[in-house]
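1. One predicted model, sequence on top.
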Amino acid sequence: MTEAKKTAKLELDGETYELPVYSPTAGPDVIDIRKLFAQAKVFTYDPGFTSTASCDSTITFIDGVKGELLHRGYPIDQLAEKSHYLEVCYLLLYGELPSAAELEKFEQTITRHTMLHEQMQNFFRGFRRDAHPMAIMVGVVGAMSAFYHDSTDPNDRKQREIASHRLIAKMPTIAAWAYKYSIGQPFVYPRNDLDYASNFLRMCFAVPAEDYEVNPILSRAMDRIFTLHADHEQNASTSTVRLASSSGANPFACIAAGIACLWGPAHGGANQACLEMLEEIGTPDRIPEYIARAKDKEDPFRLMGFGHRVYKNFDPRATVMKQSADEVLELLGVENNPKLQVAKALEAEALADPYFAEKKLFPNVDFYSGIILEAMGFPTSMFTPIFALSRTVGWISQWEEQLDDPQLKIGRPRQLYQGETSRDYVEIENR
Ligand code: SDX
C-alpha cells in the first residue's frame, strides 16, 4: 500500500472526518474508508461497485478513456501481436516477461500437466449429453479438489504453484472433453508435441478414425483469442474468485466459482448471446428494429457485445479481435459470412446513433470473438468455455496476489437495510 499524500474531509452531522487518499501509479486516487464505520458509524453505498476499489493490484490496468489495457505494464495490442498465450500466462503469474530458458521450462511444465486423472471422465459421463459445457466445467473444475489433494492448501506456496500450473494446463482438456461429450464423440487426449492452442484445437476436432491437421493460422488466431481474454482487473468473475478465496477455500473451488459467474450473459456469456443475436437479426435490413429495441427503456433487450463498465471509448481487445476476424474468415474463404456482415453493419449503425454515442456504448471483446470461433467450427455453446479457459490464468494470478496481500481479510460487505424493524411473532390463529 502506498503512503497517503493527502486526505479527504467528510463532514457529517456536525463532525469532520479525515480520510487518507492514496495515489496509484496509474488511474484515479482512492479514498481509504476502512476506518469510516469505526469513526462515523456510517457505511458507504455502492451497489455494483461502480466507484469502489476492492484491493491493491499490480497485474492489469485499464484506462477506460484511452482504451488502454496493460498486463504488468505491457499493452494488450503489443502482446497480441508479439507474444503468445503461455508467455502472457508467465507474465501475469510472475510479473515479468520470461527469459528463453524460463519460458521453455514453464511451457514444459504446463505441457506435462495437460492430462486429467482418468477417473474424472466419470464426471463428464454423469451429465446429460445436452448439458451446457459451462455446467460441465463448473462441475469438473470443482471436482478437481477431490483428485488433486496435494495442491489444495492455499497456505502452501508450492501447492499454490502446482494448482496454478494444473489449472492452466488442464482447462483446454476439460473444455475440449466437454465439447466432445456433448457431440457424442470419444475424448481425444492431449499431445506433448503440440503447442497449447494447437493441442486444444486437436482435442476438439480430431477423431480416432481421422486425425486433425492443425492449420497454423487457426492455432495462431486461437492463441490470440486466449491472450485477449487472459485478465481484466477486478471484473465480476475475478472478484468472485477473490471473494471465494478470502474465506480460505481451495483453488479449484475458487476457480469453479469464477466459471459460474463468467457464465452470465452480462459477462462472459455475452459472446454466445451476441452470436445468437446476430443470428436472430439475420440480415442488415433488420438492424434498425434491433437498435430501436436496444434504446427502448421498456424493452429489456440490449445489444450483446456492446458496452462496458470501464471502457468509455473503445475496447482495445475488440479492435484486435475485429482484425483477426477479417483475417481468419478470409483465410477460411468465408469473408462473406452473413453474421460478419450483420456485425459490421450493426457496429456502423449503432456507432452512428446518438444514443450509443451519449452512453459511450461500442463493441467490447465479445462482439467479434464469436464470429471467429464459429468460423473455426465451434458451436455457440463453446464460446464461454473458451473464455473461461483463457481467463483461468487471470483468476489464478489475482488469487495468488490476494493470498500474498498482508491486508487479506475475509470479504464481508454490509448493506443499506430497508426491511422491517423488530416486531413480535404472531400466532397463526391471530393472522
Ligand atoms: C465482459 O468487467 C469486465 O471487465 C468484463 C469483461 C472482462 O474481460 O472480464 O470485459 C468481459 O463481460 C464484457 C461485457 C459483455 N457483456 C455484454 O456485451 C452484455 C451487453 N452489455 C451490457 O449488459 C452492459 O453494457 C455491461 C454489463 C457490459 C455494462 O453494464 P454497466 O456498466 O452496469 O452499464 P449500465 O448497465 O449501467 O448501462 C449504462 C446505460 C444504461 O442506460 P441508462 O440506465 O443510463 O439509461 O447504458 C445502457 C443501459 O441501459 N446500456 C445499453 C447496453 N449496455 C448498457 N443499452 C443497450 N445495449 C447495451 N449493450
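-> Done, it's in.
2. Next to the ligand, which bits of the protein? Give me the list.
-> Contact residues, the chain versus the ligand (CB under 6 Å from any ligand atom): 48, 232, 235, 266-268, 270, 294, 302-309, 359, 361, 364-366. Just so you know, the C-beta spots here come from the backbone N, C-alpha and C atoms, and that holds for glycine as well.
3. Nearest spatial neighbour of whichever residue of the stretch 251-400 of the chain sits closest to the ligand, chain-adjacent residues omitted?
-> In the stretch 251-400 of the chain, the residue that lies nearest the ligand is Gly307 (2.4 Å; CB to the nearest ligand atom). Distances taken as CB to CB, 6 or more residues apart in numbering place Leu361 nearest to Gly307, at 4.3 Å, with adjacent residues excluded.
4. Check the gap between the one you found and Ile371 for me.
-> With the distance defined as CB to CB, to the nearest Å, Leu361 ends up 19 Å from Ile371.
5. In terms of neighbours, single out the busier of those two.
-> Ile371 (28 against 20; other CB atoms under 10 Å).
6. Longest helix in this structure, please.
-> Longest helix in the chain by number of residues, with DSSP state H as the criterion: helix 157-182.
7. tell me the mean pLDDT for the helix or strand just after that helix?
-> Counting by DSSP states H and E, the next helix or strand C-terminal to helix 157-182 is helix 196-205. In this model, helix 196-205 has a mean pLDDT of 98.
8. Distance from helix 196-205 to the middle of the chain?
-> Its chain's C-alpha centre and that of helix 196-205 lie 20 Å apart, by CA atoms, centre = their mean, to the nearest Å.
9. Which neighbouring elements make contact with that helix?
-> helix 85-94, helix 100-111, helix 157-182, helix 216-228 (3 or more CB pairs under 8 Å, 6 or more residues apart in numbering; DSSP states H and E).
10. And for the closest residue to Ile110 other than its chain neighbours, the neighbour number?
-> Leaving aside its chain neighbours, Ile110 sits nearest to Ala169 (4.6 Å; criterion: CB to CB, 6+ apart). By the measure other CB under 10 Å, the count of residues near Ala169 is 23.
11. For Ala169, list the residues it contacts.
-> Contacts for Ala169 (CB atoms under 8 Å, 6 or more residues apart in numbering) come out as 109-114.
12. Test for you: state the pLDDT assigned to it.
-> The confidence metric pLDDT takes the value 98 at Ala169.
13. quick one: it from the ligand, how far?
-> From Ala169 across to the ligand, the span is 22 Å (CB to the nearest ligand atom, to the nearest Å).
14. For Ala345, identify the helix or strand it belongs to.
-> Counting by DSSP H and E, the element that carries Ala345 is helix 338-351.
15. Would you mind checking the average pLDDT for that helix?
-> Mean pLDDT, helix 338-351: 91.
16. From the contact counts, what lies against that helix?
-> If contacts are counted by 3+ CB pairs under 8 Å, 6+ apart, helix 338-351 sits against helix 270-281, helix 287-295, helix 365-376.
17. Tell me which of those helices lies nearest to Val393.
-> helix 365-376 (15.6 Å; CB to CB).
18. CA-only coordinates of that closest one in PDB, if you can.
-> Taking C-alpha atoms only, helix 365-376 is exported to PDB below (Å, rounded to 0.1, in the frame of the first residue of the first chain):
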ATOM      1  CA  VAL A 365     -14.300  -8.100 -26.500                       C
ATOM      2  CA  ASP A 366     -17.400 -10.300 -27.000                       C
ATOM      3  CA  PHE A 367     -18.700  -8.700 -30.200                       C
ATOM      4  CA  TYR A 368     -16.400 -10.300 -32.800                       C
ATOM      5  CA  SER A 369     -14.900 -13.300 -30.900                       C
ATOM      6  CA  GLY A 370     -18.000 -15.500 -31.600                       C
ATOM      7  CA  ILE A 371     -17.700 -14.900 -35.300                       C
ATOM      8  CA  ILE A 372     -14.200 -16.200 -35.400                       C
ATOM      9  CA  LEU A 373     -15.000 -19.200 -33.100                       C
ATOM     10  CA  GLU A 374     -18.000 -20.200 -35.200                       C
ATOM     11  CA  ALA A 375     -15.800 -20.000 -38.400                       C
ATOM     12  CA  MET A 376     -13.300 -22.300 -36.700                       C
END
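19. Counting neighbours, what do you get for whatever residue of the stretch 1-150 of the chain ends up closest to the ligand?
-> Residue nearest to the ligand within the stretch 1-150 of the chain: Gly48 (6.0 Å; CB to the nearest ligand atom). Close neighbours of Gly48, defined as other CB under 10 Å, add up to 8.
20. Give me the pLDDT value at it.
-> 94.
21. if we can go back for a sec, turn the contacts of Ala169 into a markdown table, including neighbour count.
-> Shown next, in a markdown table, are those (neighbours: other CB atoms under 10 Å):
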| residue | neighbour count |
| --- | --- |
| Thr109 | 16 |
| Ile110 | 21 |
| Thr111 | 18 |
| Arg112 | 12 |
| His113 | 19 |
| Thr114 | 22 |
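22. got the residues you listed as TSV, with pLDDT columns?
-> Listed next are the contacts of Ala169 as TSV, based on pLDDT from 0 to 100:
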residue	pLDDT
Thr109	98
Ile110	98
Thr111	98
Arg112	96
His113	97
Thr114	98
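23. export those to CSV and tack on distance to Leu262?
-> Shown next, in CSV, are the contacts of Ala169 (distance: CB to CB, whole Å):
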residue, distance to Leu262
Thr109, 25
Ile110, 21
Thr111, 25
Arg112, 27
His113, 22
Thr114, 22
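24. Which member of these is positioned nearest Thr392?
-> Using CB to CB, those come closest to Thr392 at Ile110, 11.5 Å.
25. Tyr196 is in contact with the closest one, correct?
-> Yes. Ile110 lies in contact with Tyr196 (CB atoms under 8 Å); the separation is 7.0 Å.
26. Next, show the common contact partners of the two.
-> With CB under 8 Å, 6+ apart as the test, Ile110 and Tyr196 both reach Leu86.
27. which non-adjacent residue is nearest Tyr85?
-> Phe226 (4.1 Å).
28. Surely that neighbour is in contact with Leu389?
-> Yes. With contacts counted by CB under 8 Å, Phe226 reaches Leu389, the gap being 7.0 Å.
29. hang on, the earlier thing: deepest of the helices and strands packed on helix 338-351, which one?
-> helix 365-376 (a mean of 26; mean count of other CB atoms under 10 Å).
30. what's the following helix or strand after that one?
-> helix 383-403.
31. okay if I get the helices and strands packed on helix 196-205 as a markdown table plus distance to Leu408?
-> Below are the helices and strands packed on helix 196-205 laid out as a markdown table (distance: least, CB to CB, whole Å):
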| stretch | distance to Leu408 |
| --- | --- |
| helix 85-94 | 18 |
| helix 100-111 | 26 |
| helix 157-182 | 13 |
| helix 216-228 | 29 |
